[in-house]
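Chemist: Quick one: sequence and predicted model below, then my questions.
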Amino acid sequence: MFVNVHHKTPRALGGTDDRNNLVTLCAGCHDALHAAAYKLRNPKNTIAAVRDHLLLIFKENAKAIDNCFELAKLVRNAEIQIGESTGDIKREYQATTTLPYNAKKALTILCKELRMSQEHFIRELIIKELKKKFTHL
């Protein structure tokens, strides 16, 4: 089983690789966390709806639901900050889903090797390019 390392405060926002900023999650839990964070960004989704979504994933494990929800809130807040400084996160995600098949396959392999989500990898690329163009970021 693959284990993903999740940054509570993303590196893009100055988060470090310090042990206090890291959480290890299975790939499924990591995906669930980012899916919940994405749902939290949508004002049409209520907190109860996001919790119901997590209940479907984690069944009756209240501790897992609470932990995932708290981490999802941190991700959501970070994505809002990143979105304000680098553009819309939804467009970044859509960019990963509209790639040609071979590029999507290569991106999947690369992200598994780097142990990071595709969304995070794309976000890092965008931030890197923005920093090249606009050194004041």
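Modeler: In hand now; what should we look at?
Chemist: Please count neighbours and contacts with C-alpha atoms only from this point.
Modeler: Noted.
Chemist: Give me the distance from the helix or strand hosting Ala78 to the chain's centre.
Modeler: Assigned by DSSP states H and E, Ala78 belongs to helix 62-86. Using Cα atoms, centre = their mean, to the nearest Å, the mean C-alpha position of helix 62-86 is found 8 Å from that of the whole chain.
Chemist: Run through who's touching it.
Modeler: For helix 62-86, the external contacting residues (Cα atoms under 8 Å, 6 or more residues apart in numbering) are 8-10, 12-13, 29, 32-34, 36-38, 40-41, 51, 54-55, 58, 89, 126-127, 130.
Chemist: and Asp17, backbone torsions?
Modeler: phi -90, psi 20 (degrees, to the nearest 10).
Chemist: Does it touch Lys8 like I think?
Modeler: No: the pair Asp17 / Lys8 is not scored as a contact, 9.9 Å apart, by Cα atoms under 8 Å.
Chemist: With neighbour numbers in mind, choose between those two.
Modeler: Taking neighbours as other Cα atoms under 10 Å, Asp17 and Lys8 compare with Lys8 leading, 20 against 15.
Chemist: now the closest residue to the more buried one other than its chain neighbours: how far from Asp66?
Modeler: With Cα to Cα, 6 or more residues apart in numbering as the criterion, Lys8 has its nearest non-adjacent residue at 5.3 Å, and that residue is Asn21. Asn21 is 18 Å from Asp66, where distance means Cα to Cα, to the nearest Å.
Chemist: Would you pull up how far the helix or strand His120 falls within lies from the middle of the chain?
Modeler: Taking DSSP H and E as the definition, one finds His120 inside helix 118-133. Here the centre of mass of C-alpha atoms in helix 118-133, compared against the chain's by Cα atoms, centre = their mean, lies 13 Å away.
Chemist: Now do it against helix 62-86: the angle between them, please.
Modeler: Here the directions of helix 118-133 and helix 62-86 differ by 20 degrees (axes from the mean of the first three to the mean of the last three Cα atoms, to 10 degrees).
Chemist: What residues of helix 118-133 count as buried?
Modeler: By neighbour count with 16 or more other Cα atoms under 10 Å, helix 118-133 contains the buried residues Gln118, Glu119, His120, Phe121, Ile122, Arg123, Ile127.
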